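From the sequence below, what's the structure:
(3 chains)
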Amino acid sequence: MQAKTESFFEKVYEVARQIPYGRVTSYGAIAKYLGAARSARMVGYAMNGSHNKDVPAHRVVNRKGLLTGKHHFEGTNLMQQLLESEGVQVIDNQIQDFDSLFWDPAKNL
DNA sequence: GGACTGACTCAAT
DNA sequence: TATTGAGCCAGTC
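Numbering: from 1, shown residues only, chains lettered A, B, ... in the order given. All right, here's what the predicted structure looks like:
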C-alpha cells in the first residue's frame, strides 16, 4: 500500500468526518460519492482502520439504518449510545427516522 | 501472482 | 411480502 498519498480508505475517512453532528449516512452513499457505488463493502472494510482515526464510524450505517458495524466497537451497544448521545434515536440497532437523519455526501458536498 | 476476505447493495424468486 | 443469491472493489496473505 502507500502507493498513493491518499488511499481509498483515506477518502472514506475524510467523507465520514464531514458527517454533521446528529446525522448519519450509509456505506453505499459514501462509496457512490467516491465513484465506487458498488464498493459499499470496501467502505465498511475501510472502517476497520477508522478506529485509530478521528472518524465517527458510529454515524455510518447500512442503507437500512441498521448498526451492522456495532459489533466492531468496543462495547456491545457503544455505537448505539454514541448515536443517542447525538440525539439520534436508536432502537434495536436500528436508527429511527433514518430517512430524515440521512445525510448524503453527494448532495451536501 | 493468485485467492480470500469484508462494518454492503440490488435484484430475482 | 419476505427470503435468498450473486456482484462488486480494494486491500491483505
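
quick one: secondary structure of the residue in chain A that DNA strand B sits nearest to?
Nearest residue of chain A to DNA strand B: residue A:69, at 1.6 Å (CB to the nearest atom of the strand). Placement of C-beta: from N, CA and C, glycine included. For residue A:69, the secondary structure call by DSSP: H, G, I helix; E, B strand; the rest coil comes out as helix.

ok, the top helix by length along chain A near DNA strand C or not?
Once chain A is assigned using DSSP state H, the helix that runs over the most residues is helix A:8-17. Yes. Looking at helix A:8-17 against DNA strand C by CB under 7 Å from any atom of the strand, the contacts come from A:8, A:9.

ok, then the element right after that helix?
strand A:25-26 (DSSP states H and E).

what about that next one, near DNA strand C?
No. Strand A:25-26 is not in contact with DNA strand C by CB under 7 Å from any atom of the strand; minimum separation 13.0 Å.

Tell me which stretches of chain A form helices.
Using DSSP H, helices in chain A cover A:8-17, A:27-34, A:40-46, A:78-85, A:98-101, A:105-108.

So for the third one, mean pLDDT?
When you say that, I think you mean helix A:40-46. Taken as a whole, helix A:40-46 carries a mean pLDDT of 90.

tell me what that helix is packed against?
helix A:8-17, helix A:27-34 (3 or more CB pairs under 8 Å, 6 or more residues apart in numbering; DSSP states H and E).

Go ahead and name everything in contact with the last one.
Think helix A:27-34. Under the criterion CB atoms under 8 Å, 6 or more residues apart in numbering, residues A:8, A:11-12, A:15-16, A:37-44, A:60-63, A:102, A:104-106, A:109 lie in contact with helix A:27-34.

swap the cut-off to 6 Å and go again
For helix A:27-34, the external contacting residues (CB atoms under 6 Å, 6 or more residues apart in numbering) are A:11, A:12, A:15, A:37, A:39, A:40, A:43, A:44, A:63, A:104, A:105, A:106.

Please apply the same query to the first one.
By CB under 6 Å, 6+ apart, the residues outside helix A:8-17 that reach it are A:30, A:34, A:43, A:46, A:50, A:53, A:55, A:60, A:105.
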